[in-house]
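Undergrad: Build me a structure from this.
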Amino acid sequence: MTVNDAVAKRVAKLLKEKNMTQYRLEQVSGVQHGSMQCIMNGRNKTVTLSTVIMLASGFEMSLSEFLDDEIFMPDDLELE
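TA: I've put the predicted structure just below:
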């Protein structure tokens, strides 16, 4: 799984947990709709750290809280 795939899955999980729409997350995080669509649809090969920070902020959590999920275990990610 790529880092982008892991971020997309984490975002989808958090959206469901927090009963938040993707549109609302875009509004509060400042991530543009096109960028969010590329992440969520797997069209991105990689996602930038600044985007991940913005997403975490949109969920009102720290970067470390966002990344504190077993989906980000290095053994399961394709790192280049």
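Undergrad: Now name the helix or strand holding residue 56.
TA: helix 49-58 (DSSP states H and E).
Undergrad: which helices and strands does that helix pack with?
TA: Secondary-structure packing of helix 49-58 (3 or more C-beta pairs under 8 Å, 6 or more residues apart in numbering; DSSP states H and E): helix 3-17, helix 22-29, helix 63-67. For every residue, glycine as well, the C-beta is placed using N, CA and C.
Undergrad: go again using 10 Å as the cut-off
TA: The contact analysis (3 or more C-beta pairs under 10 Å, 6 or more residues apart in numbering; DSSP states H and E) places helix 49-58 against helix 3-17, helix 22-29, helix 33-40, helix 63-67.
Undergrad: would you turn these into CSV with mean neighbour count?
TA: Output for the helices and strands packed on helix 49-58, formatted as CSV (neighbours: other C-beta atoms under 10 Å):
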stretch, mean neighbour count
helix 3-17, 17
helix 22-29, 16
helix 33-40, 16
helix 63-67, 14
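Undergrad: Can you give me the neighbour number for residue 73?
TA: 9 (other C-beta atoms under 10 Å).
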